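J.: Kindly return the folded structure for what I paste below:
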Amino acid sequence: MTAADFIEKIRNNEIDIVEHTEKIIKECREINREYNYFNTISDELALKQAHEIKKLIKNKDKSVKNKKLLGVAVSAKDSICVKGVESTAGSRILKGYRPLFNATVIEKVIKEGGIIIGKTSQDEFGFGSFSVFSGFKIPKNPIDKERSCGGSSGGAAGLAKKADFPHISLGESTGGSIAAPASFCDVFGLTPTYGRGSRYGLLDYGNSLDKIGPIGKTCYETALLQEAIAGYDPNDSTSLNAQVDEYTQVIGEPVKGMKIGIIKEAFGKGNDKSVEKHVNDGIGRLKEEGVKFEEISLDLPVKYGLATYYMIATSEASTNLAKYCGMRYGAFEKLEGSFNEYFTKVRSANFGDEAKRRIIMGTFARMSGFRDAYYIKAAKVRTLIINEYKKAFKKFDALVSPSVPILPPKFSEIEKLTPLQNYMMDIMLVGPNIAGLPHLSVPVGYEKNLPVGMLLTGDHLQESKLLKLGSVFER
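T.: Now for the predicted structure:
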């Protein structure tokens, strides 16, 4: 059943929303035993919301007619705060933390009738491309359990594929954490323009980079959730006060005459040939619909994107994670010794190796004597990268590249990768994230029963163009 059909049946009281929610909670537990997609299943909250919706329907409340997500199950990445539900961002240092408030996106989902079913697994604070750097259980690919879901929103993408009930995931991206797992799990993943929605209530990785976005089995469902969560929030000074498009209205619209630039540097050395083959097939599919293509050189994002991203992201992470010291929330140890001794003990015991690596890198880049050479220089290169993208969008509606250069790897293969090889997985994703540009990963085929994703990148606030193009692959 499609989300649209399901919502209509709920409105017409053809499905008992409480019974339905009880069934999907049971199914989520069964899925989780095998695939580890949830860090927490919020059964009490979900059933409470289901009862509230049932009451509205019974009383023929007029608000029911306009709720975009009526009765649809929505999962939230573990870094998005849900009131009263353990929210750890995948880190042991926040074990036991239950926020006293909802993130703005959660408030919006609930207002639109969505039912929050739980918190999905991820790399600790978003530090990874494979969801293996977690303080808890590692999610498994829904197509092959020996392989990664991608990261850092691995549980979100895995559940979006595996769930056979109407469901959409809330993911979050700093440097590729929506598009990468969407590619590995054969689903649609939209990373919106930076500021298109609120970050209030997000456990930060990098403040100038973080974006909350939807992951769905279909392009329509992805558009539906984005429509629900987008918009200005006075609680977030970085959110944009701009009109929100009706994203679902563009699904299935003709794309004839649209022009897309093929990023030359995104193809060739470093890519799995089968990935390129299917991305080229995806380009061919759009050509059949009348889309025009032209090769374009985009040197700066590919050549300098990774270095720029990791300088900025780790510097901001170093600052953001300084507050996790075992004093206010989460992990706690017996108070003894000096401040430094206590904080060192708590942080050493509860941060994972990758979190420690990024804290150290970021702290070094911000130190006196190094800040100008690293952080400030990276910020200047970021401006150049943005300018290069903006120049391209004077000519093109979107740009195309592979989402990820490889097929979903086995966990045994990931164990052999160096930190640098791990970071290289996001080579085509860091550019749009640095520039705050919207990008959509769309499924374009299978190779050896493993999915391939194609990345469509658009200009700021042009999510509608990407969703219109993406809906071609839904048909």
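
J.: now stretch 108-126: how far from the chain's centre is it?
T.: Here stretch 108-126 is found 11 Å from its chain centre; the criterion is CA atoms, centre = their mean, to the nearest Å.

J.: Any idea how far apart the tips of that stretch sit?
T.: Stretch 108-126 has an end-to-end distance of 23 Å (CA to CA, to the nearest Å).

J.: Over to stretch 373-382?
T.: End-to-end span of stretch 373-382 (CA to CA): 14 Å.

J.: can you pull out the helices in the stretch 51-200 of the chain?
T.: Counting by DSSP state H, counting those that start in this stretch, one finds helices in the stretch 51-200 of the chain at the ranges 104-111, 154-162, 179-185.

J.: what do you get for the stretch 251-400 of the chain?
T.: Using DSSP H, counting those that start in this stretch, helices in the stretch 251-400 of the chain cover 273-288, 299-320, 339-350, 353-366, 377-392.

J.: right, so of those helices, which gets closest to Tyr37?
T.: Of all these, it is helix 353-366 that lies closest to Tyr37, at 20.5 Å by CB to CB. For the C-beta atoms, the positions are set from N, CA and C on the backbone; glycine is no exception.

J.: now that closest one: mean pLDDT?
T.: Averaging pLDDT along helix 353-366 gives 95.

J.: which strands and helices sit next to it?
T.: Applying 3 or more CB pairs under 8 Å, 6 or more residues apart in numbering; DSSP states H and E, one finds that helix 353-366 makes contact with helix 299-320.

J.: where are the low-confidence patches of this protein?
T.: In the predicted model of the chain, residues 475 satisfy pLDDT under 70.

J.: for the residue sitting furthest away from the middle of it, what are its contacts?
T.: Of all residues in the chain, Gly337 has its C-alpha farthest from the mean position, at 40.2 Å, by CA atoms, centre = their mean. Contact partners of Gly337, counting by CB atoms under 8 Å, 6 or more residues apart in numbering, are Lys345.

J.: circling back: make JSON lines from the helices of the stretch 251-400 of the chain and add mean neighbour count to it.
T.: Output for the helices of the stretch 251-400 of the chain, formatted as JSON lines (neighbours: other CB atoms under 10 Å):
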{"stretch": "helix 273-288", "mean neighbour count": "16"}
{"stretch": "helix 299-320", "mean neighbour count": "22"}
{"stretch": "helix 339-350", "mean neighbour count": "14"}
{"stretch": "helix 353-366", "mean neighbour count": "19"}
{"stretch": "helix 377-392", "mean neighbour count": "16"}
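
J.: Quick one: closest of these to Arg196.
T.: Using CB to CB, the nearest of the helices of the stretch 251-400 of the chain to Arg196 is helix 377-392, at 16.0 Å.

J.: Excluding covalently adjacent residues, which one is nearest to Lys390?
T.: Asp459 (7.4 Å; CB to CB, 6 or more residues apart in numbering).

J.: In this structure the one you found contacts Lys391, no?
T.: No: the pair Asp459 / Lys391 is not scored as a contact, 10.9 Å apart, by CB atoms under 8 Å.

J.: re earlier: could you report the distance from the residue farthest from the centre of the chain to Leu190?
T.: Here Gly337 is placed at a distance of 47 Å from Leu190 (CB to CB, to the nearest Å).

J.: Got phi/psi on Glu146?
T.: Main-chain dihedrals, Glu146, degrees, to the nearest 10: phi -90, psi 0.

J.: how many neighbours does it have?
T.: Around Glu146 there are 12 other residues, counting by other CB atoms under 10 Å.

J.: again, but for the one 10 residues further on
T.: With neighbours defined by other CB under 10 Å, the count for Ala156 comes to 37.

J.: Could you do the one 3 residues further on as well?
T.: Residue crowding around Leu159 was assessed by other CB under 10 Å; the count is 30.

J.: just Ile57 next, same as before
T.: Neighbourhood size, Ile57 [other CB under 10 Å]: 18.

J.: who's in contact with it?
T.: With CB under 8 Å, 6+ apart, Ile57 has these contacts: 10-11, 13, 17, 64.

J.: Mind checking which of the residues you listed are buried?
T.: Buried subset of these (neighbour count, 16 or more other CB atoms under 10 Å): 10-11, 17, 64.

J.: May I see these organised as a markdown table, with distance to Ala307 and secondary structure added?
T.: Output for those, formatted as a markdown table (distance: CB to CB, whole Å; DSSP: H, G, I helix; E, B strand; the rest coil):
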| residue | distance to Ala307 | secondary structure |
| --- | --- | --- |
| Ile10 | 49 | helix |
| Arg11 | 51 | helix |
| Ile17 | 50 | helix |
| Val64 | 51 | helix |
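
J.: and these as a markdown table, adding distance to Gly155?
T.: Shown next, in a markdown table, are those (distance: CB to CB, whole Å):
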| residue | distance to Gly155 |
| --- | --- |
| Ile10 | 26 |
| Arg11 | 30 |
| Ile17 | 24 |
| Val64 | 31 |
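
J.: residues contacting the residue lying closest to Ala378 once chain neighbours are set aside?
T.: Here the nearest residue to Ala378 in space, its sequence neighbours aside, is Met311; by CB to CB, 6+ apart that works out to 3.6 Å. Contacts for Met311 (CB under 8 Å, 6+ apart) come out as 365, 374-375, 377-378.

J.: Of the residues you listed, which pair is most distant in space?
T.: Spanning the widest gap among the contacts of Met311 are Ala365 and Lys377, at 9.7 Å by CB to CB.

J.: Surely Asp186 and Val442 touch.
T.: No: the pair Asp186 / Val442 is not scored as a contact, 10.1 Å apart, by CB under 8 Å.

J.: Mutual contacts of those two, please.
T.: Between them, Asp186 and Val442 share these contacting residues under CB under 8 Å, 6+ apart: Gly453.

J.: Among these two, which residue is more densely surrounded?
T.: Neighbours were counted for Asp186 and for Val442 using other CB under 10 Å; Val442 has more, 31 against 22.

J.: Restricting to C-alpha, output whichever helix or strand the more buried one is part of in CSV.
T.: When elements are defined using DSSP states H and E, Val442 is found to belong to strand 439-447. Taking C-alpha atoms only, strand 439-447 is exported to CSV below (Å, rounded to 0.1, in the frame of the first residue of the first chain):
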residue,chain,number,x,y,z
HIS,A,439,21.0,16.6,-3.3
LEU,A,440,18.9,13.4,-3.9
SER,A,441,20.2,9.9,-4.2
VAL,A,442,18.0,7.8,-6.5
PRO,A,443,18.2,4.0,-7.0
VAL,A,444,19.3,3.2,-10.6
GLY,A,445,19.9,-0.5,-10.6
TYR,A,446,21.5,-3.6,-9.2
GLU,A,447,24.8,-5.3,-9.8
